[in-house]
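Student: no sequence on this one, just coordinates:
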Ligand SMILES: [Zn+2]
């Protein structure tokens, strides 16, 4: 389910971590939300809407419907490989 992104959007994702792709509505939503395309290290370009107060984006394929899924980007530029660094307990 990799989404198609334009050259400009790829550039924007590279620079800011996300690119606005439009408003989308899902079943049960009262109003459409802003969707952004971004790059999942596993699935390539995917799109999602911001979750939580931090507005983080999650790959819908890595974490379908799971709000506690892996954090893909936190609104800043994504650094390749950064999310693979283990966190010390
Ligand atoms: Zn993914």
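Tutor: Thanks, I have it. Since the model is a prediction, treat every value here as computed from it, not as a measurement.
Student: Measure how buried residue 27 is and give me the count.
Tutor: Using other CB atoms under 10 Å, residue 27 has 4 neighbouring residues. In this view, the C-beta of every residue, glycine as well, is placed from N, C-alpha and C.
Student: how near is it to residue 5?
Tutor: Noted for residue 27: a distance of 25 Å to residue 5, by CB to CB, to the nearest Å.
Student: can you give me the helices in the chain?
Tutor: Applying DSSP state H to the chain gives helices spanning 7-16.
Student: any low-confidence regions in it?
Tutor: 1, 64-89 (pLDDT under 70).
Student: which residues in the chain form strands?
Tutor: Remark: strands assigned in the chain by DSSP state E are 19-24, 33-40, 44-48.
Student: who's in contact with the longest one?
Tutor: When you say that, I think you mean strand 33-40. Strand 33-40 is contacted by residues 3, 5, 9, 13, 17-25, 45-50, 57, 59, 61-62, 72-73, 78 when judged by CB atoms under 8 Å, 6 or more residues apart in numbering.
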